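[1] sequence first, predicted coordinates after that:
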Amino acid sequence: MHSFTYRINSLATFSLTILSVVCMMVSFTDVFNSSPPLLSVKLANVERFQQLRTGNEEAYLAFQIDADLEPAFNWNTKQVFLSIAAEYPSKKNALNQVSLWDRIIQHLDEKHIKLPYVRNKYKLQDQGSHLKNKELNLTMYYHIMPFVGRMRSGSVTFPIKMPSEYISSNPLPSWKAMNPSDFKDAQRKK
């Protein structure tokens, strides 16, 4: 009655229709789960703050991070992306945003991140001399990426103040702004 290719096409169409309906149902059930993670960032130390020969300012910071991601994880969570940015206004720009640290959390066993001393992964460098004695906002962003459905995101802001004088210490190479042993030690102390 029907050819083999017609039957295969019919079966594939039916399967894809069922898969689409199941994905829409999964996406719909995730709409009601909107509890944000509990995030906290504190400035632990300004390790180095200097003016470069070009006239730009550069700072190496250390943070104390406490993030409880358990509310963000459910059966539809694939991963959570966390990042910290320094935000401040200047004469040239209404808002400067500089990414300082980021991390991808893919497993529920990493649901509580407690890092007592972690260095910025990316250096804070300002174009000009606008950071001295400046009020900055450390903003921690989170992006909850599901297997199926809409990605949820948000942020929490924590104000800090930069020092009024430059601070010199042992030079840290820019490629090693975050010491891996600090990160591993902090993970063991959870």
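    Yes, it's here.
[2] who's in contact with Lys42?
    Lys42 makes contacts with Phe63, Gln64, Phe158, as judged by CB atoms under 8 Å, 6 or more residues apart in numbering. (C-beta placed from N, C-alpha, C; glycine too.)
[3] bridging residues for it?
    Gln64 (DSSP bridges).
[4] quick check: closest non-adjacent residue to Lys161.
    Nearest residue to Lys161 in three dimensions, chain neighbours excluded: Glu135, at 5.5 Å (CB to CB, 6 or more residues apart in numbering).
[5] ok so, going back, which one of the contacts of Lys42 sits closest to Leu100?
    Closest approach to Leu100 among the contacts of Lys42 (CB to CB): Phe63, at 7.9 Å.
[6] pretty sure that closest one contacts Pro116?
    No. Look at Phe63 against Pro116 with CB atoms under 8 Å: they stay out of range, at 9.4 Å.
[7] name the residues contacting each of the two.
    Contact criterion CB under 8 Å, 6+ apart; residues shared by Phe63 and Pro116: Ala44.
[8] quick one: low-confidence parts of the chain?
    For the chain, the stretches flagged by pLDDT under 70 are 1, 30, 34, 169-190.
[9] and the strands in it, which stretches?
    Using DSSP state E, the strands of the chain run over 38-51, 57-68, 77-88, 96-105, 112-119, 124-126, 135-146, 152-161.
[10] what's the closest of those strands to Met25?
    Between Met25 and the strands of the chain, the shortest separation by CB to CB is 13.2 Å, and it involves strand 135-146.
[11] quick one: contacts for Pro146?
    Applying CB under 8 Å, 6+ apart, we find Pro146 in contact with Ser27, Asp30, Asn76, Thr77, Lys78, Arg152.
[12] identify the bridge partners of it.
    Judged by DSSP bridges, the bridge partners of Pro146 are Thr77.
[13] against Ile113, how distant is it?
    Separation of Pro146 from Ile113 (CB to CB, to the nearest Å): 20 Å.
[14] repeat for His143
    Using CB to CB, His143 is found at 15 Å from Ile113.
[15] compare those two (neighbour count), which wins?
    For His143 versus Ile113, the count of surrounding residues by other CB atoms under 10 Å is larger for Ile113: 20 against 16.
[16] hmm, back to that, mind giving me JSON lines with the strands of the chain and columns for distance to Ile8?
    JSON lines is the format used below for the strands of the chain (distance: least, CB to CB, whole Å):
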{"stretch": "strand 38-51", "distance to Ile8": "50"}
{"stretch": "strand 57-68", "distance to Ile8": "49"}
{"stretch": "strand 77-88", "distance to Ile8": "31"}
{"stretch": "strand 96-105", "distance to Ile8": "40"}
{"stretch": "strand 112-119", "distance to Ile8": "49"}
{"stretch": "strand 124-126", "distance to Ile8": "59"}
{"stretch": "strand 135-146", "distance to Ile8": "32"}
{"stretch": "strand 152-161", "distance to Ile8": "39"}
